[in-house]
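>>> I'd like to go over a predicted model; first the sequence, then the structure.
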There are 2 protein chains.
Amino acid sequence: MSALSVASVLAGRIPLDEVVTLKGWVRTRRDSKAGFSFLAVSDGSCFDNVQIVAPNTLANYTTEVLQLTTGCAVACTGKLVRSQGKGQAIEMQADAVEVIGWVEHPDTYPVSPKQHTFEYLREVAHLRPRTNTFGAVTRVRHALAMAAHQFFHDNGFFWIHTPIVTASDAEGAGAMFRVSTLDIANLPKTGDGRIDFSKDFFGKPTFLTVSGQLNVETYCLALSKVYTFGPTFRAEQSFTPRHLAEFWMIEPEIAFADLSADADLAEAFLKHLFRSLLDSRQDDMKFFAERIDKDCITRLEKFVESSFERITYTDAVKLLEQSGRKFEFPVKWGLDLQAEHERYITEHIGRPVVVMNYPKDIKAFYMRLNDDEKTVAAMDVLAPGIGEIIGGSQREDRLDVLDQRLDAQHLDKNAYSWYRDLRRYGSVPHAGFGLGFERTIQYATGMANIRDVIPFPRSPGNADF
Amino acid sequence: MSALSVASVLAGRIPLDEVVTLKGWVRTRRDSKAGFSFLAVSDGSCFDNVQIVAPNTLANYTTEVLQLTTGCAVACTGKLVRSQGKGQAIEMQADAVEVIGWVEHPDTYPVSPKQHTFEYLREVAHLRPRTNTFGAVTRVRHALAMAAHQFFHDNGFFWIHTPIVTASDAEGAGAMFRVSTLDIANLPKTGDGRIDFSKDFFGKPTFLTVSGQLNVETYCLALSKVYTFGPTFRAEQSFTPRHLAEFWMIEPEIAFADLSADADLAEAFLKHLFRSLLDSRQDDMKFFAERIDKDCITRLEKFVESSFERITYTDAVKLLEQSGRKFEFPVKWGLDLQAEHERYITEHIGRPVVVMNYPKDIKAFYMRLNDDEKTVAAMDVLAPGIGEIIGGSQREDRLDVLDQRLDAQHLDKNAYSWYRDLRRYGSVPHAGFGLGFERTIQYATGMANIRDVIPFPRSPGNADF
């Protein structure tokens, strides 16, 4: 495997004065009167380009080198030398510049070097990975994903692939996409005229999952520490800068654990993610700080050095009531906290906050009922500058209490028979949380619209590109 | 984070003679006349159980310890000592055994310690992770997944999350699941009575992806080395031991690369996977060798030490024709190789084989046409004992040739406009392959049915459990 990437060259891992070949795409070309052209070439392996110095003595200098435009693919062969110019430590003195791929009609190349709006780039999403911003987003996404896997692996967790197509709707978490192999133009009907789902692929109505949590509990209660990292779906037609129809979620689940252990895990995990990102992607984070959000690095640095505050929901409500602030949404025990409330809490406290023990009536059936019988062992982790970044809970591990909660929420106990079984056989306290992966990238980079941190932006009327 | 797992104890990472607490589930209980009970306790962190020696002097010995059955959850506190018995190096002398969760009706506990068939366990799939086999499968799966990520990360690849819901069908790779938010009982119609997909979530018909390859090429032609690792779907009603409706696939894609580089990558990648598995999961692999497939370890050891043979499809056909074997399916240039043919090839050659350059008419439109204009730069990697384990190709990077191939296969060029764009702007030779993740686990473990290596088995009429 060739290790000769621009990243390895710029990191000084390739000896100088050796003749090597670098392959990539031209970002810019600048011609000097001294008889040289300077090509900035990227292969996407890191943020920075490598500078190629192409002398006018090259046989194809006039016919090809001087015709190069942004996006052309080249293979450059020559010596790596210490650069005399500013802006880079190492450059290549090219003995040959071979053009591998031209750009048709450079004047109308959709991602020419001028500034484009993110809205525009979503319309040419198949080409936007070639831009500085989306290259950086991709590498940051990768770095955070690797950091997540590394954290869990090092701490004895196993990655579980929970089902994407599911017959249950988890927690009534929102609108779902139907998945079906029925002939939609010619639906099979039962005797009484209803659609015959027994003819569907799985013999019943199925949907895209909204969460792997309930499924992953089956593994948690056998392997103790597990996590999911996979796609989840919400069919809500709300294409705000914070919502996606298809997004990736990370959901760890730990056995022999209560809500406090869950909060410990959330804190250790988030700090590891951001510390690892700051270490591994200094190039891209510098770009985000310069061009997107000047606070993004200091925000993460502060985050990883903070110790999280923990307060109860009840105390959070008191804090809001005593704030003297006028909020748009009402503040009252029993109502959910809104983004503006969460923002006030983190600003007031000045570091990440874990709000714990929410009223049972605003939370899902599977969250463990506290002894006060009014609250459940749920938590939200609020981060300064973005609000909720993690939602989690201790799970109800007592069958009788679970059944009461299912009844109270008018859910069908038969549909949860396997979930209830877990409470019959060696049930133990267990807890977990969910982290929206795109939201985490948004927090780390300061990107305003979540559709710009997912590799393939989607919108109603725009699947694929 | 508590690191006190059974794995850490058995690996000798916890000092002896220290008082610690271990939590897990009872696998077996054996009572000695010498006034002790021996509990084998598992927390899923490794294959082996830890032995807990519970003396009859414990206050709850008669009332609880002697009532423990398989599946009960316990917290055991005591000293770790060198074991006098056979079968384990370290055991715990318990000062306390606390029962955390009982098993309701032990006589009918669905995964009692007796031998169950895998068919039966698929019916109680929410409990099967507690068995030896499925615990081992889960840890092997995790080890292979981590090895895959590590290999790509160490070699400068970026993980790309390609779309799950898609409007294109990639390569006509097979039956697809429809994804829709239309009210199926009351479908919107256009003026001429057809279903109005403009009212569907994405404004057109959408499906579950069969491959991320076409999408990931957009990132390959910007970041050079990328890969997918995510779920893919086939709606074929063929529930053989080799087919799944929902499965995970790994698809690397490399720029500035031809078919030979693709084969190099496949060889390095597979060897890394299996070498890493042999190193990291000796406990589980020993179990598979003892109980499932006695050859599984030697097969992998031989695999990682082999250098892959490379032959052309044309030579493979000659080999089969000259074999003197009677095959069920015909052997003739222009026909695809069947499982029996692949098996003969690997047996005859005695190590993994890369078959290259298949007839263009049996391969997808995106595979690069060779200079002979009869074959395309496609490859299959065949592994001894299982047959095809990887399928890959160099991609057609020339727009005019791609267009001819789209026309020849009667595909709509408009639907591929973004894919064709990639050939207009800085097109370069690039290549990639796909590896079915469950099939890889099957190969590594010798498990007969692929539904037993996916965490949640599914079948027609049986989504979820």
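Done, it's in. As the structure is a prediction and not an experimental result, all values here were calculated from the model.

>>> could you use CA atoms for every contact and neighbour count after this?
Noted.

>>> got the contact list for the closest residue to A:Ser306 other than its chain neighbours?
Distances taken as Cα to Cα, 6 or more residues apart in numbering or on different chains put A:Arg351 closest to A:Ser306, at 6.3 Å, once the chain neighbours are dropped. With contact set as Cα atoms under 8 Å, 6 or more residues apart in numbering or on different chains, A:Arg351 has these partners: A:Phe303, A:Ser306, A:Ser307, A:Phe308, A:Glu309, A:Ala383, A:Pro384.

>>> now A:Phe274
If you count contacts by Cα under 8 Å, 6+ apart, A:Phe274 has them with A:Leu144, A:Leu300, A:Glu301, A:Val304, A:Ala444.

>>> change it to 10 Å
Shown in contact with A:Phe274 (Cα atoms under 10 Å, 6 or more residues apart in numbering or on different chains): A:143-144, A:147-148, A:280, A:297, A:299-301, A:303-304, A:440-441, A:443-444.

>>> where does the residue nearest to A:Ser306 sit, in terms of helix or strand?
If you go by DSSP states H and E, A:Arg351 is not part of any helix or strand.

>>> what's the distance between it and B:Met356?
Distance of A:Arg351 to B:Met356, computed by Cα to Cα, to the nearest Å: 58 Å.

>>> could you do A:Tyr419 as well?
49 Å.

>>> just give the number of residues close to the residue nearest to A:Gln409 when sequence neighbours are not counted.
The shortest distance from A:Gln409 to any non-neighbouring residue, by Cα to Cα, 6+ apart, is to A:Phe365 (7.1 Å). By the criterion of other Cα atoms under 10 Å in any protein chain shown, A:Phe365 has 25 neighbours.

>>> part of a strand, is A:Phe365?
No. Per DSSP: H, G, I helix; E, B strand; the rest coil, A:Phe365 lies outside any strand segment and is coil.

>>> pretty sure it contacts A:Arg395?
Yes. Using Cα atoms under 10 Å, A:Phe365 makes contact with A:Arg395 at a distance of 9.1 Å.

>>> just the strands in the stretch 351-465 of chain A please.
For the stretch 351-465 of chain A, strands defined by DSSP state E, counting those that start in this stretch occupy the ranges A:353-359, A:375-383, A:387-394, A:430-436.

>>> what do you get for the stretch 201-350 of chain A?
Using DSSP E, counting those that start in this stretch, the strands of the stretch 201-350 of chain A run over A:206-208, A:225-233, A:246-255, A:309-312.

>>> how about the residue lying farthest from the centre of chain A, what does it touch?
Centroid-distance maximum for chain A: A:Thr57 at 48.0 Å, with Cα atoms, centre = their mean. Contact analysis of A:Thr57 by Cα under 10 Å, 6+ apart lists A:Gly35, A:Phe36, A:Asp95, A:Ala96.

>>> let's go with 8 Å and repeat that
Residues in contact with A:Thr57 (Cα under 8 Å, 6+ apart): none are found.

>>> helix, strand, or coil at it?
coil.

>>> for the residue nearest to A:Ala383 when sequence neighbours are not counted, grab the count of nearby residues.
Nearest non-adjacent residue to A:Ala383, counting by Cα to Cα, 6+ apart: A:Pro352, 4.7 Å away. When counting by other Cα under 10 Å, one arrives at 26 neighbours for A:Pro352.

>>> do the same with A:His116
12.

>>> equivalent analysis for the one 5 residues further on, please.
A count of nearby residues for A:Leu121, using other Cα under 10 Å, gives 19.

>>> for it, which non-adjacent residue is spatially closest?
Closest to A:Leu121 by Cα to Cα, 6+ apart is A:Arg128, at 6.0 Å.

>>> for the one you found, list the residues it contacts.
With Cα under 8 Å, 6+ apart, A:Arg128 has these contacts: A:Val111, A:Leu121, A:Arg122, A:Phe134.

>>> checking my notes, the last one in a helix, right?
This points to A:Phe134. Yes. Using three-state DSSP, the assignment for A:Phe134 is a helix.

>>> that one and chain B, how far apart?
From A:Phe134 across to chain B, the span is 10 Å (Cα to the nearest Cα, to the nearest Å).

>>> cool, and the third one?
From A:Arg122 across to chain B, the span is 13 Å (Cα to the nearest Cα).

>>> what sits against that residue?
Per Cα under 8 Å, 6+ apart, neighbours of A:Arg122: A:Arg128, A:Asp452, A:Pro457.

>>> might one say that A:Ser427 is in contact with B:Glu104?
No. The pair A:Ser427 / B:Glu104 is not scored as a contact, 10.2 Å apart, by Cα atoms under 8 Å.

>>> for the closest residue to A:Lys360 other than its chain neighbours, what are its contacts?
Distances taken as Cα to Cα, 6+ apart put A:Thr375 closest to A:Lys360, at 4.7 Å, once the chain neighbours are dropped. The contact partners of A:Thr375, by Cα under 8 Å, 6+ apart, come to A:Asn357, A:Tyr358, A:Pro359, A:Lys360, A:Leu369.
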